[in-house]
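Enquirer: Give me the fold of what follows.
(chains A and B)
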Amino acid sequence: MTERGRKALLLAPAGIWLLVMLALPLLVVFVFSFGERGAAGGYVPAFTLEQYANLPARWTAFKNTLILAPLGTIAALVIAYPLAYFLAVRCSPKWRTSLLILVIVPFWTSILIRSYAWIFILGGRGLPALLESIGIDDIRLINTPFAVLVGIVYGYLPLMVFPIFVSLDKLDKRLLEASADLGSTPWRTFRQVTLPLSVPGIATGCMLVFILLMGEFLIPAILGGGKVFFVGNALVDLFLQSRNWAYGSAVAMTLVVVMLVTVSIYMKFISRLGGQRQDVSLM
Amino acid sequence: MTKDNGTISKQKFMEELRRYQKGSVTRRHFLGVTGLGMATAVLGTAIPGLRPRPAFAAGDIGDRVILATWPNYHDEMNFEAFTEATGAHVQVNVFGSNEEMLAKLQAGGSGWDVFVPTNYTITTYVGEDLIIPLDTSKLPNYDAGSFEQRFSDAGSVDGQLYAVPKNWGTTGFAVNTSKLDGAPTPTTWKEFWDLTMEGYSGRTMVHDYQLTTIGNALKYFGYSFNSVDEKELADAEKLLLDAKPHLFAISSDYQPPMRNGDAWMTMCWTGDGKQMNVDMPEIAYVLGAEGGELWSDYYAIPKGAPHMDAAYALIDFLLNPEVNAKEVLAHGYPSADARTNALLPKELLEDPILYPAADLLNALEFGAAATLTDPNRAELLARFKSA
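Expert: Numbering: from 1, shown residues only, chains lettered A, B, ... in the order given. Sure thing, here's the model as predicted:
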């Protein structure tokens, strides 16, 4: 077999998969977004820009998503980084595997069930009752943006921990020794050696979490009590409730564009942060 | 039961039992060759409700039937009995709204055999050519005359039967009276919304459903539950937006927060109201005096149902008054079938939550097809949720 043929063979499964499961559906959504809603819902072929003109009606959903998705990503990063650092650098190898498994354990059960558990933790008989017993009265946690943020950090933490762990684990420890030998303080070593070298991990983790969060609908629906409305929730309503597929497609296409723009701005920012390193990649 | 022929020797029986225990043959094979399946079927006929009907006797209906229905809306034991009697396993898909069911059927390839639409959706399904006319010769247990007409009307479109009645109910509100500080229990939708914005601020839930949430906001002003009038909807929208900061949640999953005390008042369907009231008598179920919704659910068969014979068999089985009575006892929603009601205990039939007084009932309206599909109402709810 020729080199070309071998390459084609290797790429074929993923290529066919992406074509059938990503490119074609996206094309359908694109076409639908210029159509109209049928009288009983659904889609009627047409060519109109009406759906795009109507986008401001979902502005709040985009606003909520664009505030809470970055906030959730940053919160997850702040919590995940020290944990990943501990696991990769400070933890004795004897414990490392067990602790890593503990990070994955939550994935053994569905996010739906785990989010339901948070309803009880954040509900009136959970944390607020505990706070009341130490004299802090009338705290409402459930069905607030804060509850959604808690759910997001909880649900996405492992996706942030692993890429950072991998980048720190690969870190050549001799570089740290060299830095110390040259008279650097531990903090300066961290800032000038460890942190820049872990940027690829941070970039990957943030990207994974941020992209998934932009499409999130389950956590806001469950922990936000239907009052915290993401683009994902708007889409679920448009496709399953009001069955306005044309408008739903326009909102979905817009989300794709917003995501592409924010992600490319972010990539630029990250590659500058990483200094000389140009090999910032998704995985 | 096609394999039940001849008798079986003791030795052969033990061999088959061992094979079954080791897992090398299926339960159905075991029951078939040993004749135990037949024996069960014969015993089954001793229970009148399980006696095979012509639909079952018509032969093999396949090994499964797929039912799309609502949460907490059936008696599991009845499904097991159906499987015993027919060999068809009932696979249940649970849905949260009529719109979701409609969206699935519009998209095609739902794979459902039977589903449970509500009255106001049936003309839409017929108009969109998504359900089939029912052949009553395959539903010997269906007796049109035994159903109260207002609950069976919507099943026929232009004189053709498309759906047969399942259960009916009302949409009112449930209120935890222990939080009223001695004030009288509210009786109107006006009080519901006023209380939401005052004493019960942060403690009220409304459905994540445009039909009922907008409908019951319209009732505050005395408008029709089904209104699609622009000015009336604008009034309802203003009320909803004013009330939103005072809401605990916009969700149709209201039982857990009502039960644990996070929520004190919620829009509520009959069966949920009854279930909560039974466990916590301080939670009262109220039908707004201005009116509100009366609804009726039906069984229907989607076009292209993969197991058509099993679909008819399941509907017919569930229409059997004895089976239906067990259903009602399990889920607490009233039946419109006089034959079923004759089998139910008197205290259930006199229950004010399940069977409200005539004057309250007469103020209620059935949801209309136009209400369900109205794009303005859908957009109004989206504005309310994202506000």
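
Enquirer: Quick one: neighbours of residue 99, just the number.
Expert: I went with chain A, as the question did not name one. A:Leu99 sits with 13 neighbouring residues when counted by other C-beta atoms under 10 Å in any protein chain shown. Yep, even glycine has a C-beta here, placed from its N, CA and C like the rest.

Enquirer: That was the other one, I meant chain B.
Expert: Using other C-beta under 10 Å as the criterion, the residues surrounding B:Glu99 number 23.

Enquirer: got the phi/psi numbers for it?
Expert: The phi/psi pair for B:Glu99 (degrees, to the nearest 10) reads phi -60, psi -40.

Enquirer: my read: A:Asn54 touches A:Ala250, true?
Expert: Yes: judged on C-beta atoms under 8 Å, A:Asn54 makes contact with A:Ala250 at a distance of 7.4 Å.

Enquirer: Quick check on those two: which one has the bigger neighbour count.
Expert: Set side by side, A:Asn54 and A:Ala250 give different neighbour counts by other C-beta under 10 Å, the larger being at A:Ala250 (26 against 15).

Enquirer: The more buried one touches A:Gly35, doesn't it?
Expert: No: the pair A:Ala250 / A:Gly35 is not scored as a contact, 9.3 Å apart, by C-beta under 8 Å.

Enquirer: and for these two, which residues touch both?
Expert: Taking C-beta atoms under 8 Å, 6 or more residues apart in numbering or on different chains as the contact rule, the neighbours common to A:Ala250 and A:Gly35 are A:Gln51.

Enquirer: following the helix or strand hosting B:Val328, which helix or strand shows up next?
Expert: Using DSSP states H and E, the secondary-structure element containing B:Val328 is helix B:321-331. Using DSSP H and E, the helix or strand that follows helix B:321-331 towards the C-terminus is helix B:338-341.

Enquirer: Tell me which other helices or strands that next one touches.
Expert: Contact analysis of helix B:338-341 by 3 or more C-beta pairs under 8 Å, 6 or more residues apart in numbering or on different chains; DSSP states H and E lists helix B:321-331 as its packing neighbours.

Enquirer: How many neighbouring residues does B:Val328 have?
Expert: With neighbours defined by other C-beta under 10 Å, the count for B:Val328 comes to 20.

Enquirer: out of everything not next to it in sequence, what's closest to it?
Expert: Ranked by C-beta to C-beta, 6 or more residues apart in numbering or on different chains and with sequence neighbours excluded, the top spatial neighbour of B:Val328 is B:Ser335, at 5.2 Å.

Enquirer: In chain A, spot the helix with the most residues.
Expert: Ranked by residue count and defined by DSSP state H, the top helix of chain A is helix A:245-273.

Enquirer: Any residue of that one touching chain B?
Expert: No: judged by C-beta under 8 Å from any C-beta of the partner chain, helix A:245-273 stays clear of chain B, getting no closer than 8.6 Å.

Enquirer: Which secondary structure elements does that helix sit against?
Expert: If you count contacts as 3+ C-beta pairs under 8 Å, 6+ apart, helix A:245-273 packs onto helix A:24-32, helix A:50-53, helix A:59-85, helix A:199-214, helix A:231-236.

Enquirer: Against which helices or strands is the first one packed?
Expert: Spelled out, it's helix A:24-32. Helix A:24-32 is packed against helix A:245-273, with contacts defined by 3+ C-beta pairs under 8 Å, 6+ apart.

Enquirer: do the last one as well
Expert: With contacts defined as 3+ C-beta pairs under 8 Å, 6+ apart, helix A:231-236 has these neighbours: helix A:59-85, helix A:218-223, helix A:245-273, helix B:375-386.

Enquirer: Please enumerate residues in contact with the shortest one?
Expert: Helix A:218-223 has contacts (C-beta under 8 Å, 6+ apart) with A:64, A:68, A:111-112, A:115-116, A:118-119, A:122, A:142-143, A:147-148, A:150-152, A:155, A:228-230, A:232-233, A:236, B:251.

Enquirer: In PyMOL, select just the buried ones from those residues.
Expert: Paste this into PyMOL to select the buried members of those, with burial taken from 16 or more other C-beta atoms under 10 Å in any protein chain shown:
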select buried, (chain A and resi 64+68+111+115+118+119+122+142+143+147+148+150+151+152+155+228+229+230+232+233+236) or (chain B and resi 251)
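
Enquirer: And for the nearest residue to B:Ala378 once chain neighbours are set aside, the neighbour number?
Expert: When the adjacent residues along the chain are set aside, B:Ala378 lies closest to A:Ser242, with 3.1 Å between them (C-beta to C-beta, 6+ apart). Around A:Ser242 there are 24 other residues, counting by other C-beta under 10 Å.

Enquirer: what do you get for the one 10 residues further on?
Expert: Close neighbours of A:Ala252, defined as other C-beta under 10 Å, add up to 21.

Enquirer: Next: B:Ala183.
Expert: A count of neighbours around B:Ala183, defined by other C-beta under 10 Å, yields 11.

Enquirer: Can you name the next helix or strand after the lengthiest helix in chain B?
Expert: The helix spanning the most residues in chain B, taking DSSP H as the definition, is helix B:230-243. The element immediately downstream of helix B:230-243 (helix or strand, assigned by DSSP H and E) is strand B:247-250.

Enquirer: what about the residue in the stretch 101-250 of chain B that chain A sits nearest to, distance to A:Lys7?
Expert: Among all residues of the stretch 101-250 of chain B, B:Ala249 sits closest to chain A, at 3.0 Å; criterion: C-beta to the nearest C-beta. Here the distance between B:Ala249 and A:Lys7 works out to 54 Å (C-beta to C-beta, to the nearest Å).

Enquirer: returning to what we had before: identify each buried residue in the helix holding B:Val328, please.
Expert: Burial within helix B:321-331, assessed by neighbour count using 16+ other C-beta under 10 Å, is assigned to B:Pro321, B:Glu322, B:Val323, B:Asn324, B:Ala325, B:Lys326, B:Glu327, B:Val328, B:His331.

Enquirer: Same check on stretch B:233-243?
Expert: B:Leu233, B:Asp235, B:Ala236, B:Glu237, B:Leu239, B:Leu240, B:Ala243.

Enquirer: Correct me if wrong: the first one contacts B:Phe221.
Expert: In other words, B:Leu233. No: shown here, B:Leu233 and B:Phe221 do not form a contact pair, counting by C-beta under 8 Å, at 10.6 Å.

Enquirer: contacting residues around A:Thr254?
Expert: With contacts defined as C-beta under 8 Å, 6+ apart, A:Thr254 is in contact with A:Tyr52, A:Leu55, A:Phe62.
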